[in-house]
Each structure stands twice: as C-alpha cells, then as structure tokens.
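Undergrad: Predicted model follows, preceded by the sequence.
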Amino acid sequence: MIEILIVEDEKAIANLISKNLTAEGYHCTAAYDGKQGADYIENNNYDLVLLDIMLPEIDGYELLEYIRPMGTPVIFITARGSLQDRIQGLRIGADDYIVKPFQIGELIARVEAILRRTGKANQLLAVDDVEIHLDSRIVLKNKQNIELTMKEFDLLVELVRNKNVALYRERLYERVWGEPFTGETRTLDSHIQRLRRKLGWDDKIKTVFRIGYRLEV
Ligand code: CA
C-alpha cells in the first residue's frame with residue numbers, strides 16, 4: 001500500500017484530496033498544521049508528501065527542508081502561484097508544484113507521475129470485487145482468476161484508469177491497439193463484449209451513444 005501524507009490546514013481541501021486519493025487505492029493521512037506534519041513524518045514512512053506552503057506552526061518551506069534529507073518526494077500544493085514562488089519551491093527541492101484551485105484529476109495525474117518516476121506506482125487497481133495486478137497481469141474476481149487476452153487486459157486497464165469517463169472509441173482503440181483508428185469498430189466492440197461477459201460487467205461497461213464506452217463505478 002502506498003502511503004501519502006497530506007499537510008494542509010484547510011481541512012476541506014485536505015479531506016477532498018484524501019477522499020479522492022483513497023478512491024484511487026492510496027492510503028492517506030492528513031495533518032492540519034506544520035507541527036503535526038513534522039510529527040507524522042518523524043514517526044512514519046511515506047512514499048509521497050503533499051505539502052501546503054502557508055501553514056500554521058511550521059510552514060511548508062521549513063517542512064520541506066526537514067523532509068528533503070529523507071528522499072521522500074514532495075508536491076507543493078499552494079494558493080501562491082506567482083512565478084517566483086514556483087521557482088523557489090522547485091529550487092529548494094520540491095518535485096512538483098500545483099496551484100490552488102486545481103482539478104482533482106490533475107492532482108491525481110501528478111501524483112501518479114511522481115510515483116512512476118520514483119518506481120512506486122500503484123501496481124494494483126481495484127474495482128468492486130475485481131483486482132487487476134499490473135505487474136503480473138493477473139485479474140481476479142472474487143479472488144478467482146479471470147483469463148484475459150493481452151488486448152482484453154489492456155482495454156480493461158484503460159477503462160479502469162478512466163472510470164466514470166465516457167471514452168471515445170477512437171481513443172480507446174488507439175490506446176490499446178497502438179495504431180490509428182480506421183473507423184472499423186468490430187474489433188473493439190467484440191473485445192468489450194468479451195470483457196463484459198468474463199467479468200460479469202454487462203451493467204458496468206455502458207455503451208455511450210455515438211461516443212464509445214464508459215465504465216460506471
Ligand atoms: Ca494553507
């Protein structure tokens with residue numbers, strides 16, 4: 001389980017981040033001031049710290065000085081979006097910088113990018129009773145192995161990574177087959193049919209009229 005610490009004094013923001021990252025399969029802890037953040041960092045190992053700059057007790061710059069020797073990656077999350085602040089944040093060793101207000105999807109993408117870079121990307125995706133092991137390419141439903149072809153597996157991962165988003169057939173095809181979409185939809189459609197059948201996901205993988213498919217979770 002990947003452990004993420006969120007240090008953010010605006011509780012609503014901390015909780016929003018925590019809720020969304022938890023839904024992505026990360027384990028999150030929130031600290032609401034710099035002192036609590038320092039205590040957590042001292043007593044636990046985190047894979048990533050999301051760090052607000054303007055914090056009571058100890059500010060984010062000071063906390064970063066404290067975290068940096070441990071080598072834990074840090075993403076600054078802050079309302080201070082001036083170029084100078086960005087430069088200072090990156091210069092003193094933050095791995096990335098995100099400015100409030102931000103789209104939660106952007107935050108998740110940046111978290112994933114940092115974790116991939118540090119070799120700690122989540123190797124397990126889960127939707128209800130289905131587990132997808134990215135490293136071994138094993139899919140389990142109710143702990144039972146489900147045999148998928150290579151393309152079925154890639155298609156499933158694409159749907160799960162974009163759950164609740166309507167995906168265009170073109171995009172799905174190009175992502176999974178790695179070649180331009182010619183307008184021939186039978187290949188994609190038949191793979192979707194087989195995924196639905198093998199996973200019992202007739203009601204979960206929705207056909208979106210004139211667009212493509214959406215995994216509804
Ligand atoms: Ca703050």
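TA: Perfect, I can see it now.
Undergrad: per-residue pLDDT, Y97?
TA: Looking at Y97, its pLDDT stands at 86.
Undergrad: Beta-bridge partners for it, please?
TA: When bridges are called by DSSP bridges, Y97 pairs up with F76.
Undergrad: ok, it - contacts?
TA: Under the criterion of Cβ atoms under 8 Å, 6 or more residues apart in numbering, the neighbours of Y97 are 75-76, 78, 86, 89-90. Every residue, glycine included, has its C-beta placed from N, CA and C.
Undergrad: Tally up the residues packed near the closest residue to K35 other than its chain neighbours, please.
TA: Leaving out its chain neighbours, the residue that sits closest to K35 by Cβ to Cβ, 6 or more residues apart in numbering is E57, at 3.9 Å. For E57, the count of nearby residues is 14 (other Cβ atoms under 10 Å).
Undergrad: and E57, helix, strand or coil?
TA: Recorded secondary structure, E57: coil (DSSP: H, G, I helix; E, B strand; the rest coil).
Undergrad: Would you agree it is in contact with D39?
TA: No - E57 is beyond contact range of D39, at 10.4 Å (criterion: Cβ atoms under 8 Å).
Undergrad: Let's have the contacts of Y97 in TSV, adding pLDDT and distance to T187.
TA: Putting the contacts of Y97 into TSV (pLDDT from 0 to 100; distance: Cβ to Cβ, whole Å) gives the following:
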residue	pLDDT	distance to T187
I75	94	39
F76	91	44
T78	82	46
R86	73	45
G89	73	46
L90	76	44
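Undergrad: Who wins on neighbours among those residues?
TA: Neighbour counts for the contacts of Y97, by other Cβ under 10 Å, peak at F76, which reaches 25 neighbours.
Undergrad: And that one, how far from D9?
TA: Spatial separation of F76 from D9 under the definition Cβ to Cβ, to the nearest Å is 14 Å.
Undergrad: repeat for E3
TA: Taking Cβ to Cβ as the measure, E3 falls 21 Å from D9.
Undergrad: same deal with L90?
TA: L90 is 22 Å from D9, where distance means Cβ to Cβ.
Undergrad: Just the strands from this structure, written as ranges.
TA: 3-7, 27-31, 48-52, 74-78, 96-99, 124-127, 130-133, 138-141, 144-146, 167-168, 205-208, 212-215 (DSSP state E).
Undergrad: Which among these is found nearest to the ion?
TA: Go through the strands of the chain one by one with Cβ to the ion and the one that ends up closest to the ion is strand 48-52, at 4.4 Å.
Undergrad: What helices and strands are in contact with the closest one?
TA: Here strand 48-52 touches strand 3-7, helix 34-43, helix 60-67, strand 74-78, helix 104-117, going by 3 or more Cβ pairs under 8 Å, 6 or more residues apart in numbering; DSSP states H and E.
Undergrad: In PDB, list the C-alpha atoms belonging to the second one.
TA: Put plainly, it is helix 34-43. Included here for helix 34-43 are C-alpha records, laid out as PDB according to Å, rounded to 0.1, in the frame of the first residue of the first chain:
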ATOM      1  CA  GLY A  34       3.100  22.000  10.100                       C
ATOM      2  CA  LYS A  35       3.900  20.700  13.600                       C
ATOM      3  CA  GLN A  36       1.600  17.700  13.200                       C
ATOM      4  CA  GLY A  37       3.000  17.200   9.800                       C
ATOM      5  CA  ALA A  38       6.600  17.100  11.200                       C
ATOM      6  CA  ASP A  39       5.400  14.600  13.900                       C
ATOM      7  CA  TYR A  40       3.900  12.300  11.300                       C
ATOM      8  CA  ILE A  41       7.000  12.500   9.100                       C
ATOM      9  CA  GLU A  42       9.300  11.700  12.000                       C
ATOM     10  CA  ASN A  43       7.300   8.600  13.100                       C
END
